[in-house]
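J.: my questions concern the predicted model and sequence given below.
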Protein chains: 2
Amino acid sequence: MLNGNAPVSGATLERVQTAASELGYRRNALASGLRRRASRLIGVVVPDVANPFYTEVVRGIEDQLRGAGYLLVLCNSDGKIEKQTEYLRLLADQQLDGVILAPATPDLDKLEDAVASGLTVVLIDRRVASTVYDTVTVKNRDDARILTAGLLAASRRIAHIGGPHRTSTAQDRFAGFLDAHTSAGVDPDPRLIFETDYSEQGGYEAMKSLLELEQPPAGVFVGNNVMTLGVLRALSETEMAAAPKIVSFDPLPWWASSVHPVTTGSQPSYRLGRTAADLLLLRLADPSREYADVNIGNEE
Amino acid sequence: MLNGNAPVSGATLERVQTAASELGYRRNALASGLRRRASRLIGVVVPDVANPFYTEVVRGIEDQLRGAGYLLVLCNSDGKIEKQTEYLRLLADQQLDGVILAPATPDLDKLEDAVASGLTVVLIDRRVASTVYDTVTVKNRDDARILTAGLLAASRRIAHIGGPHRTSTAQDRFAGFLDAHTSAGVDPDPRLIFETDYSEQGGYEAMKSLLELEQPPAGVFVGNNVMTLGVLRALSETEMAAAPKIVSFDPLPWWASSVHPVTTGSQPSYRLGRTAADLLLLRLADPSREYADVNIGNEE
DNA sequence: TCAACCTATGAAATCGTTTTCACTTCACGA
DNA sequence: TCGTGAAGTGAAAACGATTTCATAGGTTGA
């Protein structure tokens, strides 16, 4: 009755509402949700909020959700499929209205389960092999190509430290890396290509290996910010006449002022979050809507 | 019945449970919560998740809550009392079991409302003028004293760029700053003392003012990490023979490798989060428990 | 054998909303 | 004046779990 759907007259409605506010009445969201089959809660599952990239994404989601009266339930999957699955299950149990998910793997099965249990899902950052989800990603391939081209302008020996090849982001960024080489007519040296797990330690070890080569690369393309932290650590441990130039995805605010300056594209993470929240709200309003696949650039 | 509280025999219970899992039965948390008057949801209200300090705190809370089967509802107050109040109200409406709050102001009234509406509250980071809350803070005064003493060992002209004096953290850190001066027998120069709002812009402007002095300070104590970003920006815009030494609260992982190195105490933010979550779980288990006021040091 | 007691079991009430439904009242046109 | 329709009202059902309650069944000791 208090949600305005009852066919009561204007005067009565008003009397009820003033009485309600005078008595300090507060609607019990649990009871309301049980009846309406909706909880006004949106889940967000990311690998790690401590990563500034995802932090900004979460921040963008929250700002957008707040306007629509939703609250945000935060979950860290640590990039592990088991944690992700467990969380999705928990979120479905809590009757969440929707979930914004940065999938740990492009594995579809687990996602299908989630959707089967009634969760509305929007994917961010990483793509999966399916077109039945709203998806928001950034221009990985283009940006990687541009960053790599910058390095190739100075030297032909460019290394690549990338994330796990099963993730679409790592694939796309590597593709951009190769694109730039093709354009420049350079054959990438396979000894300079490293695949790690997007971790600080992975970046550190890869960079160590590179520095131990007889002829270290003149430039290094690093696939994300966390690995770059490891790369910088490796660099700071090594004395060198000329350190390789570093370019990286996912900027951290301070990289310009680092001893070893890092060049990055501008990752529009905050906007990624807002866009994902928008898409989710749109789908909740109209479930039969066509699926959107938004690719966020750096323009604007 | 499915929560084990019913007086059913072992055999029957087991049969029901296997049947339930075979049918893929999932408990509806809304219905369960309505009846039990508990939602298995814990709210976290912080000024800004995009601040690495709070990010780590949130991460710690989440890790701890997950083990206990709770989910985390994240809210950014932007340090504004209105947003904080609105969120607390929303969280109470959602029948959250408890809230971990970094209070925007030491203002008690708004908090009392929240508690009156049935929310169990644990305070973090900032203290309020009341002893009826579990509180977890860090050793602000001691750390500030130690950091300042380090600067005073090199020079007697040390500046202070602090947060708003109404926050307990800013008060404590300033007190530590003064402690160090007293110990060293130095009178702080009031022209070197700045109070801002814990913002990047505030830090930037304060540092600009300092650099325009005839005799800039030899060292600067900065009250938090965000202001330090502004301080570094100001430094990078200015050519100097000898830049002032910077010490700051709340480390960012890269400050050691910055062009202008920043010295910090180690802010045990992750542990702060875990401890707060622990306290909240303890209080939920035993509401008549004595209130705890934990001060986390850097030991271990 | 029977009373007394304990345990297992199914039915029913409850949590606080929202929604449906049957019903009354009133106005209007025939 | 009566019938039709619209509009407002209050009661009751539903959401899905938990808790209480009464009852049935079984066991034990006198």
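T.: Noted; the coordinates are in hand. Just so we're clear, the structure is a prediction, and the values are computed from it rather than from any experiment.

J.: what segments of chain A are helices?
T.: Under the criterion DSSP state H, helices of chain A are mapped to A:10-22, A:29-36, A:52-67, A:81-93, A:109-116, A:140-152, A:168-184, A:200-212, A:225-236, A:269-285.

J.: pull the residues that contact the third one.
T.: Read that as helix A:52-67. With contact meaning C-beta atoms under 8 Å, 6 or more residues apart in numbering or on different chains, helix A:52-67 is reached by A:42, A:44, A:46-49, A:71-72, A:74, A:100, A:102, A:124-125, A:224-225, A:250, A:252-253, A:267, A:269-278, A:281, B:48-50, B:52, B:55, B:74-76. Backbone N, C-alpha and C define where each C-beta goes, glycine included.

J.: least reliable of the helices of chain A by average pLDDT, please.
T.: Of all those, helix A:10-22 carries the lowest average pLDDT, namely a mean of 69.

J.: how about the stretch 201-300 of chain A: which residue is closest to DNA strand D?
T.: Going by C-beta to the nearest atom of the strand, DNA strand D is nearest to residue A:287 of the stretch 201-300 of chain A, at 18.0 Å.

J.: give me the distance between the closest residue to that residue other than its chain neighbours and residue A:286.
T.: Leaving aside its chain neighbours, residue A:287 sits nearest to residue A:120 (7.3 Å; criterion: C-beta to C-beta, 6 or more residues apart in numbering or on different chains). Distance of residue A:120 to residue A:286, computed by C-beta to C-beta, to the nearest Å: 11 Å.

J.: tell me the spacing between the residue nearest to residue A:188 when sequence neighbours are not counted and DNA strand C.
T.: Computed as C-beta to C-beta, 6+ apart, the closest residue to residue A:188 that is not its neighbour in sequence is residue A:181, at 5.0 Å. Relative to DNA strand C, residue A:181 is positioned 58 Å away (C-beta to the nearest atom of the strand, to the nearest Å).

J.: right, and residue A:181 touches residue A:152 too?
T.: Yes. The criterion here is C-beta atoms under 8 Å, and residue A:181 meets it with residue A:152 at 6.9 Å.

J.: tell me which residue in the stretch 101-250 of chain A sits closest to DNA strand D.
T.: residue A:118 (10.4 Å).

J.: contacts only, for the residue nearest to that residue when sequence neighbours are not counted.
T.: Excluding the flanking residues, the one nearest residue A:118 by C-beta to C-beta, 6+ apart is residue A:92, at 6.4 Å. If a contact means C-beta under 8 Å, 6+ apart, then residue A:92 has A:114, A:117-119, B:26 as its contacts.

J.: so between residue A:120 and residue A:286, which is more surrounded?
T.: residue A:120 (18 against 9; other C-beta atoms under 10 Å in any protein chain shown).

J.: now the residue positioned nearest the centre of chain A: closest residue in space that isn't a chain neighbour?
T.: Compute the mean C-alpha point of chain A, and by C-alpha atoms, centre = their mean the closest residue is residue A:125, 4.0 Å away. Distances taken as C-beta to C-beta, 6+ apart place residue A:102 nearest to residue A:125, at 4.5 Å, with adjacent residues excluded.

J.: coming back round to it: now do the residue of the stretch 101-250 of chain A closest to DNA strand D, the pLDDT please.
T.: 85.

J.: count the neighbours of it for me.
T.: 12.

J.: please apply the same query to residue A:122.
T.: Using other C-beta under 10 Å, the number of residues around residue A:122 comes to 28.

J.: ok, residue A:213 next?
T.: Neighbour tally, residue A:213, other C-beta under 10 Å: 13.

J.: how far away is the nearest residue to it once chain neighbours are set aside from residue A:102?
T.: Among residues not flanking residue A:213 along the chain, residue A:191 sits closest, at 7.2 Å (C-beta to C-beta, 6+ apart). According to C-beta to C-beta, residue A:191 and residue A:102 sit 32 Å apart.

J.: who's more crowded, these two?
T.: Remark: of residue A:191 and residue A:102, residue A:102 carries more neighbours, 23 against 12, as counted by other C-beta under 10 Å.

J.: contact partners for that one?
T.: By C-beta under 8 Å, 6+ apart, residue A:102 lies in contact with A:45-47, A:54, A:57, A:77, A:123-126.

J.: which of the residues you listed fall within strands?
T.: In strands, defined here by DSSP state E, the members of the contacts of residue A:102 are A:45-46, A:123-124.

J.: neighbour-wise, which of those leads?
T.: Tallying neighbours with other C-beta under 10 Å puts residue A:124 at the head of those, with 29 neighbours.

J.: from residue A:269, how far out is that one?
T.: Counting by C-beta to C-beta, the gap from residue A:124 to residue A:269 is 10 Å.
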